[in-house]
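>>> Need a 3D model of the following:
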Amino acid sequence: MNFDEIIDLGHELYTGMPCYAANVTAFWTVDDFEGTRRTSEGRRALRNKMMLLSEHTGTHFDAPSHFDEDGLSVDQVPLQNLILPGHFLDVSHKKAHEPIEPQDLIDAEQASGKTIGSGTAVILWTGQDVNWGTEGFFYERPYVPEQSARWLVERGITLFCTDLIAIDDPDEWWEPTHTAFLAGGVPMVQQLNNLERLLGREFTFVVLPLPMRGGTASPVRPVALLHG
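Below you'll find the model as predicted:
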């Protein structure tokens with residue numbers, strides 16, 4: 001595989017960062033250089049940290065088991081479904097609280113010059129990655145209605161990805177869009193970053209979650225390998 005550039009598509013993880021699924025994200029020092037140097041009488045010095053965070057912290061991968069009792073867990077999703085040709089769909093004209101309808105997807109598909117289908121990671125760019133972490137960004141965003149999710153599932157996509165922190169209508173607390181994708185066997189990646197750098201480019205999308213046994217999700221560091 002030949003590629004010209006690697007684009008980091010994830011957000012940094014840090015103590016106190018915003019998280020949709022939980023209010024606690026913390027990293028703290030267990031061992032430090034000064035303490036270990038002292039206790040070892042100078043024979044070694046090191047730093048070691050602990051983490052406390054949700055599976056759904058930051059840029060993360062949702063496995064089907066998150067919303068489907070019989071769905072694949074993080075560790076069961078095949079690697080070949082995590083390294084895929086990217087299909088970039090630009091819907092950045094959609095405003096906060098506007099649905100991204102199937103016709104918007106059709107228009108974006110036509111603009112991309114490629115047909116939405118299996119064996120691809122569909123990357124839905126709303127432009128909201130630049131608002132990540134700002135006041136109200138959880139809810140002041142467009143959303144993907146259930147019928148659009150079902151439309152993409154019926155097209156046979158392998159992976160759905162977006163810069164949105166949440167994809168459902170903020171007023172639909174039962175999250176039917178999540179159910180449509182995950183019960184339909186389509187894993188998701190949410191809270192992508194730097195997506196404007198993919199506009200008009202051919203790329204391979206790579207996202208590797210931690211293989212947590214029975215995990216419903218995993219923080220990830222996805223990348224795009226740009227070709228030409």
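
>>> Output the contacting helices and strands for the top helix by length along the chain.
As assigned by DSSP state H, the longest helix anywhere in the chain is helix 102-112. Under the contact definition 3 or more C-beta pairs under 8 Å, 6 or more residues apart in numbering; DSSP states H and E, helix 102-112 sits against strand 83-90, helix 146-154. To be clear about C-beta, it is placed using only N, CA and C from the backbone, and glycine gets the same treatment.

>>> tell me the angle that helix makes with strand 83-90.
Inter-element angle recorded for helix 102-112 and strand 83-90: 110 degrees (by axes from the mean of the first three to the mean of the last three C-alpha atoms, to 10 degrees).

>>> can you list the domain ranges for the chain.
Per automatic domain parsing, the domain ranges recorded for the chain read 22-54, 60-227.

>>> host element of the residue located most distally from the centre of the chain?
Computed with C-alpha atoms, centre = their mean, the residue of the chain farthest from its C-alpha average is residue 41, at 45.3 Å. For residue 41, there is no host helix or strand (DSSP states H and E).

>>> Kindly report the same for the one 5 residues further on.
Under the criterion DSSP H and E, no helix or strand holds residue 46.

>>> Leaving out the residues flanking it, which one is nearest to it?
residue 36 (5.2 Å; C-beta to C-beta, 6 or more residues apart in numbering).

>>> For that neighbour, which three-state class applies?
State at residue 36, reduced to three classes by DSSP: H, G, I helix; E, B strand; the rest coil: helix.

>>> how about the nearest residue to residue 73 once chain neighbours are set aside, secondary structure?
Leaving aside its sequence neighbours, residue 73 sits nearest to residue 65 (C-beta to C-beta, 6+ apart; 4.4 Å). Look at residue 65: counting by three-state DSSP, its state is helix.

>>> confidence score at residue 65?
In this model, residue 65 is scored at 98, pLDDT.

>>> Could you check how many residues crowd around it?
Residue 65 has 21 neighbouring residues, counting by other C-beta atoms under 10 Å.

>>> Surely it touches residue 213?
No. Taking contacts as C-beta atoms under 8 Å, residue 65 lies outside contact range of residue 213: 11.3 Å.

>>> any residues in contact with both of the two?
Counting by C-beta atoms under 8 Å, 6 or more residues apart in numbering, the contacts common to residue 65 and residue 213 are residue 73.

>>> contacting residues for residue 108?
Residue 108 neighbours (C-beta under 8 Å, 6+ apart): 89, 90, 91.

>>> Top of those residues by number of neighbours, please.
residue 89 (24 neighbours).

>>> Report the contact partners of it.
Applying C-beta under 8 Å, 6+ apart, we find residue 89 in contact with 105, 108, 109, 112, 116, 122, 123, 124, 125.

>>> Fine, thanks again, bye for now.
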